[in-house]
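K.L.:
Sequence first, then the predicted structure, then my questions.
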Amino acid sequence: MSADLNTSLTISASGMTAQTTRLRVIAQNIANQDTTGGSPGADPYQRRTVTFQTKLDRALGADTVQVKSIDRDQAEFPKRYDPSNPSADAQGYVKQSNVNSLVEMLDMREAQRSYSANVAVMQAARSMLNRTIDLLK
């Protein structure tokens, strides 16, 4: 029984680690959402996305989650007319980051819910383990 509880704890920990990475990438996106390229016509900060995958942990005999990749969002950069900006191209347009703060906030809420669910599983497993230990005393 304790092996199953330890397995539950390990699976939840992998979920928490994956969601922590996701939150770090979201924070990076939000922090850089207003950046522009460093020179005329240069690309600004490009939004990052996180992809997860399951991984069989042979020692546990269970699937865990891990970050598969952190990629760049291929959405086009919006342009803003600002001929006085040093990053403006010959037509006076500045490329803006493709980060959408609303999308980032939604992703952040989803990551937070997933993280919290994994914490709840860990708390339940720990409580069950403690009850088992109390019975053995």
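P.N.:
On my side now, so go ahead.

K.L.:
Pull the contacting residues for the most centrally placed residue in the chain.
P.N.:
Geometric centre of the chain, nearest residue: Arg22, 1.0 Å, by CA atoms, centre = their mean. Listed by CB atoms under 8 Å, 6 or more residues apart in numbering, the contact set of Arg22 reads Val50, Val67, Asp107, Ala111. The C-beta positions use only the backbone N, C-alpha and C, and glycine is treated the same way.

K.L.:
mind redoing it with 10 Å?
P.N.:
By CB atoms under 10 Å, 6 or more residues apart in numbering, the residues touching Arg22 are 49-52, 67, 70, 107-108, 110-112, 114-115.

K.L.:
Buried ones only from those residues, please, as a ChimeraX command.
P.N.:
A single ChimeraX command selects the buried members of those (16 or more other CB atoms under 10 Å):
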select :50,52,67,107,108,111,114,115
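
K.L.:
Closest to Gln91 out of the contacts of Arg22?
P.N.:
Relative to Gln91, the closest of the contacts of Arg22 is Thr49; by CB to CB it sits at 29.8 Å.

K.L.:
What residues of whichever helix in the chain runs longest count as buried?
P.N.:
Of all the segments assigned as helix in the chain under DSSP state H, the longest by residue count is helix 101-136. The neighbour-count check on helix 101-136 (16+ other CB under 10 Å) flags Glu104, Asp107, Met108, Ala111, Ser114, Tyr115, Asn118, Val121, Met122, Ala125, Leu129 as buried.

K.L.:
how distant is it from the center of its chain?
P.N.:
Using CA atoms, centre = their mean, to the nearest Å, the mean C-alpha position of helix 101-136 is found 16 Å from that of the whole chain.

K.L.:
Could you do stretch 11-31 as well?
P.N.:
4 Å.
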